[in-house]
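pasting a predicted model and its sequence here:
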Amino acid sequence: MNGLSSNLKSLGLLGAGFAVGLLAKELYPRASDAIIPSPRETQLPYLSPSEQARLPYPPDALPGARDIPSPYGSLRVYEWGPKHGRRVLMVHGISTPSIALAAIAHALVRCGCRVLLFDLPGRGYSSTPSPTVHAQTSEFFIATIFFVLASSSLSWTGPNSFSILGYSLGGGIAVNFASCFPSLISSVILLAPSGLIRPYHFGWQSKLLHSARLLPDWAVEQLVYWKLSSSSGQDQRQSGTVIEDELPLTEQCGDEPARGSKFDIPMALEWQVQRHKGFVKSNISSLRHAPISGQHHQWIRMTNALSNRDTKANQQAITSHARQGATMLIMCGENDPVIIAKELETDSRELLGGSKNLLFVITPGAGHDFPITHSKEVVDTITKFWGHQSHQIEARS
């Protein structure tokens, strides 16, 4: 009995020591843990060019690729299109990298736009700081955007410099950015944006894993890893692929042929889960700290900031296309199980106070991935929206 008691006591001390060690690692991460590298550093050096080309997300997937240093690690950025075209910054969602917006980006370039995309920290080919060092808050993402803007050889920071397009989590990020820096924004385009998800849509499992923090981080990471591995291999197989050479062109964009390429988005998600050491950590940190829900005050702040800026612009009789007043376009899929279209429309219209600058469009028969599956409809709506805005400005002149 004494031996058994001694063994149990030893096991107890070992367990306590293990727990203390985990806690210490959480509270005081080593310097080497501060930046978690992306597959650009951990996988690509060991692959031949042909093997890289066969990846679900090849490193040359989009034109104008560059990797920029930042305090948050290396960030993957893409920029291409006419230098003097309308500038569009595009922010993707919580899980899929920037190739989720590839079809829209290529179509907008054919419409004469200059596009700028980047992989959010911890996604695709972007590194990420450990969440114990930098949580993925709105401020974190806003700072990341400025690192990306500053990396361009063109100026993206003058008055009404660019339109910001955000998809899913990227929509929530776009709202917060526009609310803080309205003078930079010429228009806000939100595709199934986060930020206003009603609380009752979060079940006890989500609250346990991402809000209450009743479980140690390593346990949460393992559970989320299993969940993402399962969803990327099964449920998300129902999502479409991005096939740019089959993307019809809009009437406004001429007849230039699209760049032929094909991306399997579910496979890209699975690749991230398996190959990006910071992906699961980033996913969890975003769910805990990013603008997912409860962002009503930011939407109001954005509306007021843009309205005040537009009023000043009208008083100065600004009529040039380059300095037009900011407008907002919100699109959502009719069958989106994540962002409920009718709820979003009701809540956004209430918060925006019936703003004349708001256009809300519901895409029939579409789900949360409608920017991928219905990219033609998205581009058609965006270009017509911009055309209507320009027409209004010319009428005022």
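Received it, and whenever you're ready, just let me know what you need.

straight-line length of stretch 269-281, end to end?
14 Å (CA to CA, to the nearest Å).

give the buried residues for that stretch.
269-273, 276, 278-281 (16 or more other CB atoms under 10 Å). C-beta here means a position set from N, CA and C on the backbone, and glycine is covered the same way.

burial count for Ser48?
By other CB atoms under 10 Å, the residues close to Ser48 number 8.

pLDDT of stretch 56-65, averaged?
In this model, stretch 56-65 has a mean pLDDT of 96.

convert the C-alpha atoms of it to CSV, please.
The C-alpha trace of stretch 56-65 is given here as CSV (Å, rounded to 0.1, in the frame of the first residue of the first chain):
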residue,chain,number,x,y,z
PRO,A,56,-3.5,22.9,-53.6
TYR,A,57,-2.2,26.4,-53.1
PRO,A,58,0.9,26.8,-55.3
PRO,A,59,3.3,29.7,-54.4
ASP,A,60,2.7,31.3,-57.8
ALA,A,61,-1.1,31.0,-57.6
LEU,A,62,-1.7,34.7,-58.3
PRO,A,63,0.3,37.3,-60.1
GLY,A,64,2.5,39.9,-58.4
ALA,A,65,3.5,37.8,-55.5
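
redo the buried residues of stretch 269-281 as TSV? Include secondary structure and pLDDT.
As requested, those are exported to TSV (DSSP: H, G, I helix; E, B strand; the rest coil; pLDDT from 0 to 100):
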residue	secondary structure	pLDDT
Leu269	helix	93
Glu270	helix	93
Trp271	helix	96
Gln272	helix	96
Val273	helix	95
His276	coil	97
Gly278	coil	97
Phe279	helix	97
Val280	helix	95
Lys281	helix	95
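
quickly name whichever of those residues is closest to Gly171.
Leu269 (18.7 Å; CB to CB).

my read: Ala178 touches Gly166, true?
No - if you go by CB atoms under 8 Å, Ala178 and Gly166 don't touch, sitting 9.2 Å apart.

what's Leu154 sitting at in phi/psi?
Main-chain dihedrals, Leu154, degrees, to the nearest 10: phi -100, psi 160.

contact partners for it?
83, 87, 114 (CB atoms under 8 Å, 6 or more residues apart in numbering).

neighbour-wise, which one of the residues you listed leads?
Neighbour-wise, the contacts of Leu154 (other CB under 10 Å) top out at Arg87, 25 neighbours.

ok, back up a step: show me which of Ala178 and Gly166 is the more surrounded one.
Gly166 (29 against 25).

I'd guess the more buried one is in a helix, am I close?
No - read with DSSP: H, G, I helix; E, B strand; the rest coil, Gly166 is strand and lies in no helix.

quick check, it in contact with Val88.
No - Gly166 is beyond contact range of Val88, at 11.1 Å (criterion: CB under 8 Å).

what is the nearest of the contacts of Leu154 to Tyr200?
Arg87 (38.9 Å).

skip the chain neighbours and tell me the closest residue to that closest one.
Excluding the flanking residues, the one nearest Arg87 by CB to CB, 6 or more residues apart in numbering is Phe162, at 3.9 Å.

again, but for Phe385
Leu329 (4.9 Å).

same thing with Ile189?
Leu165 (4.2 Å).

where along the stretch 101-250 of the chain do the strands fall?
114-118, 128-129, 162-167, 185-191, 242-243 (DSSP state E, counting those that start in this stretch).

rebuild the ones you listed as TSV, extending it with distance to Arg40.
Formatted as TSV, the strands of the stretch 101-250 of the chain follow (distance: least, CB to CB, whole Å):
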stretch	distance to Arg40
strand 114-118	13
strand 128-129	12
strand 162-167	23
strand 185-191	27
strand 242-243	21
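
quick one, which of those is nearest to Leu358?
Judging the strands of the stretch 101-250 of the chain by CB to CB, what sits closest to Leu358 is strand 185-191, at 9.5 Å.

and the closest one, what does it pack onto?
strand 162-167, helix 169-180, helix 296-315, strand 327-333, helix 375-396 (3 or more CB pairs under 8 Å, 6 or more residues apart in numbering; DSSP states H and E).

counting contacts, what elements does the shortest one pack onto?
Applying 3+ CB pairs under 8 Å, 6+ apart, we find strand 162-167 packed against strand 87-91, helix 169-180, strand 185-191.
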